[in-house]
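In: Output the structure for:
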Amino acid sequence: MTSVSDRPAEQPGVSREPASGRLLRLLEEGGARFRRIEHAAEGRTDAVSALRGNDVAQAAKCVVVRVKKTKKTSHYVLATVPGDRRVDLGRIAALCDARHAMFADQPTAERLTGCTSGAIVPFTFDPALELVVDPALLAHEEIFFNVELDFSVALDTKDYARLAEPRVESIREEAPAEAGS
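Out: A predicted model of the protein is given here:
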């Protein structure tokens, strides 16, 4: 039996419900136009886009970035770019007036997002994680992203912007990403 002292401390305002459940409830309760797409388990943006039948540029590639403001202070950004682009860490550091930015380690990314690596959704449910979305992703009528490794959502972009309320900034590298990233 687990005692109270053996359980991880709860953070105020942070639900322990999986992000997938919170996301689907948010979309339904928010009146979003979306559809669920079942597919083989896949976490790579290019491969899952092929399974779903969408253009890779419509896929939301989400990565957690650790932004170091000083030697002792940092915060986290959920950087979301089109699937055919890479995140420009230098731009994120500059946006946050920080010394530098780096990709967060996998356990930290999964803890902050409540998602499995390869299925990080472009929404934040933790106040410690700032959502920044590249405007090129919002240029499409519909965006696609994994909710779990074996199912995705196709979501109306206007509904996404309304419900996620992201900070919109250019954070993508200009050259398209290589296949497989």
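
In: What is the burial count for residue 158?
Out: Number of residues near residue 158 (other Cβ atoms under 10 Å) recorded here: 13. Backbone N, C-alpha and C define where each C-beta goes, glycine included.

In: next one: the one 10 residues further on
Out: Residue 168: 15 surrounding residues under other Cβ under 10 Å.

In: now residue 149
Out: Counted with other Cβ under 10 Å, the neighbours of residue 149 add up to 17.

In: Need the distance between the two termini of stretch 78-95.
Out: According to Cα to Cα, to the nearest Å, stretch 78-95 extends 13 Å from its N-terminal end residue to its C-terminal end residue.

In: Stretch 93-113 now?
Out: Separation of the first and last residues of stretch 93-113 by Cα to Cα is 20 Å.

In: Buried residues in that stretch, which are they?
Out: Neighbour-count burial for stretch 93-113, with 16 or more other Cβ atoms under 10 Å as criterion, is recorded at 93, 95-96, 98, 101, 104, 109-113.

In: Stretch 120-135 too?
Out: In terms of neighbour count (16+ other Cβ under 10 Å), stretch 120-135 has its buried residues at 120-126, 129-134.

In: next one: stretch 79-91
Out: Counting neighbours by 16+ other Cβ under 10 Å, stretch 79-91 gives 79-89, 91 as buried.

In: one step back: can you tell me which of the buried residues of stretch 120-135 are in strands?
Out: 129-133 (DSSP state E).

In: residues making contact with whatever helix or strand residue 143 lives in?
Out: Using DSSP states H and E, the secondary-structure element containing residue 143 is strand 142-148. Contacts of strand 142-148 with the rest of the structure, by Cβ atoms under 8 Å, 6 or more residues apart in numbering, involve 20, 23-24, 36-37, 42-43, 48-49, 52, 54, 58-60, 62, 116, 118-122, 137, 152-157, 160.

In: what mean pLDDT does that strand have?
Out: For strand 142-148, the per-residue pLDDT values average out at 97.

In: From the chain's centroid, how far away is it?
Out: Using Cα atoms, centre = their mean, to the nearest Å, we find the averaged C-alpha position of strand 142-148 to lie 10 Å away from the chain's own average C-alpha position.

In: Cool, thanks, talk later.
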